[in-house]
Every structure is written in C-alpha cells, then in structure tokens.
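S.K.: Model the following, please.
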Amino acid sequence: MQLEGKIALITGGSRGIGRATALLFAREGADIAFCHLNDDGRADVAAAEIRSLGRRALHRSVNVADIAAGKAFVADVARDFGPVDILFNNAGMNIRKPFVDYTEAEFDSIVAVHLKGMFFMAQAVFPAMVARGQGCIINIASQRGLKGAPNAAPYSAAKAGIIGLTRALSWEAAPRGVRVNAIAPGPITTDLTATMDPADRQAFIDALPVGRFGTPEEIAATALLLAGPQGGFYVGATLSPNGGDVMY
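M.R.: Below you'll find the model as predicted:
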C-alpha cells in the first residue's frame, strides 16, 4: 500500500489514463477525487469501482481551463477529504488539422486545457503542500512535446510547455518538499487516439519498435513510481513510456 492515507486529485479521471491511475492509486491506499467534463455516467462507474476498493471517491464536472472552477474543486476536496497530497494533472483534448487551418479559438482552447489548466491546478494545490512540507505533482505531457507531429502544432506546443513548466516549478517546489515531475506518454489506446484515421493508426503502430500502442495501465504504473516512496529522487524529470517512439 504505497499511498496509504494519501489524498490524490486527478483531472480527467473518468476515462483513459486518468481512470487507470485513479484505480491504481486507490488499490495502493489513496482516497481519490477526480474531475471530468460532462462525463457523469462514466465518472459514477469509476467512483463506484474506487469505493469497492475501500477508498473514498469524489468527482465533479470541471473545465480545468476555468481557473475559478478548478480552484473551487480543490477547495471542495480539501473540505471533504483533506489537503491534496498528489495532483495528477491529466485532463486533455486535441483538434487535429494542418497548421495553417487552426483558428485562434481552437489554438486557445487546446493551450488553455493543457498548459493553462495544468499551471493553475498546480497553483491551487501548491500552498497547502508547502505548508505541510510534502506533496507530489505529476503533469501529463506527451511524446509530441518531445518530437512534434504533423496536424498537431498547438497540442505539441502545449505539451512542450508542460515539460518546461515542470522543470521551472521544480526549482521552487523541491526545496519546500514538493516534487514535480512529468510523464510524456507515447501513443496510448484512449479516446483521443481512437479518433485517428485507421490507416494512419496502423502506420504509426508499424513504425513503433514494440509494434503496438501502450495501455492506460502502463502509464498509471509510471505515475505510481513518481507518486510513491520509491520516486523520491525524481525532481523535474520527464519520464516517457512510449514504446520506442522517442529514444533519448
């Protein structure tokens, strides 16, 4: 039980990587608060699974790009469960199209959910972590933030920004007992990748050394390493479980 007695807050927790991480953290002893965006049906199912593991569960529909809504959710979690020990900054979205075809509104929405949302969710939990001299923030980036990709310029830029945010915040956070790290997953079987053109998807798989997409559970295992007691020497790191898509 690596996370016994911890309170974990997970954004985008009703499906995909967020849900897999919520369930793994619960199995390891954490109570789970998670947000989603208008996904109450799947959120209720995930919360029931968490409770079946003997842990508390709380969820809300929250647009993480809405700073006031994110802060209000953190306050609700602190009131009902206690101060957040682990923030898993995971909520995401994407719009795929050529660089020249993006509108300003599309660019703003992608950057707001990923970079702006993660920035201010971290800001919301940070003071209580510093006050207790301990905490863990894990930001979900992407291998596209490391290498880029066609038809994903705003997404790649936002994910690269998350890596930079992780490093910058670590300089302020680590001396105060708060570890900040990032995970840059490769292609994972989620709702986001399910929208890929089948031919493009197969070409991507064929180019991967492992010959398959990863699973949300494999990313959750990386999150547990960073959140648990064995992750204490990771500071400002970006771990990239990506099946060989990026080797560095």
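
S.K.: Low-confidence ranges, this structure, go.
M.R.: Applying pLDDT under 70 to the chain flags no residue at all.

S.K.: just the strands in this protein please.
M.R.: Assigned by DSSP state E, the chain shows strands spanning 7-11, 31-36, 57-61, 86-89, 135-140, 178-183, 238-239.

S.K.: Need phi/psi at the residue nearest to the spatial centre of the chain.
M.R.: Nearest to the mean C-alpha position of the chain, counting by C-alpha atoms, centre = their mean, stands Asn90 at 2.0 Å. Per-residue torsions, Asn90: phi -130, psi -20 (degrees, to the nearest 10).

S.K.: Pull the number of nearby residues for Tyr155.
M.R.: Neighbourhood size, Tyr155 [other C-beta atoms under 10 Å]: 25. Where you see a C-beta, it was placed from the backbone N, CA and C, and this is true even at glycine.

S.K.: wait, I meant Glu49
M.R.: 16.

S.K.: longest helix in the protein, by residue count?
M.R.: If you go by DSSP state H, the chain has its longest helix at helix 153-173.

S.K.: buried ones in that one?
M.R.: Using 16 or more other C-beta atoms under 10 Å as the test for burial, helix 153-173 gives 153-163, 165-167, 169-170, 173.

S.K.: Distance to Ile67 for the strands of the chain - can I get that in TSV?
M.R.: As requested, the strands of the chain are arranged in TSV below (distance: least, C-beta to C-beta, whole Å):
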stretch	distance to Ile67
strand 7-11	13
strand 31-36	13
strand 57-61	15
strand 86-89	14
strand 135-140	17
strand 178-183	19
strand 238-239	25
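
S.K.: okay if I get those as CSV plus distance to Thr103 and mean neighbour count?
M.R.: CSV is the format used below for the strands of the chain (distance: least, C-beta to C-beta, whole Å; neighbours: other C-beta atoms under 10 Å):
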stretch, distance to Thr103, mean neighbour count
strand 7-11, 25, 27
strand 31-36, 26, 28
strand 57-61, 25, 18
strand 86-89, 26, 28
strand 135-140, 25, 26
strand 178-183, 28, 26
strand 238-239, 30, 19
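
S.K.: out of those strands, nearest to Phe99?
M.R.: For Phe99, the closest of the strands of the chain is strand 135-140, at 23.2 Å, according to C-beta to C-beta.

S.K.: Just checking: what are the partner strands of that closest one?
M.R.: When pairing is defined by DSSP bridges, strand 135-140 lines up against strand 86-89 (parallel), strand 178-183 (parallel).

S.K.: which one of the ones you listed lies closest to Val100?
M.R.: Go through these one by one with C-beta to C-beta and the one that ends up closest to Val100 is strand 178-183, at 29.4 Å.

S.K.: Helices of this structure, start to end?
M.R.: 16-27, 40-52, 67-80, 104-111, 117-132, 144-147, 153-173, 191-194, 198-207, 216-227.

S.K.: Let me see the residues that make contact with stretch 56-75.
M.R.: Around stretch 56-75, the neighbours that count as contacts under C-beta atoms under 8 Å, 6 or more residues apart in numbering are 9, 11-14, 26, 31-40, 43-44, 46-48, 50-51, 76-77, 80-81, 84, 91, 109, 112-113, 116-118, 120-121, 124-125.
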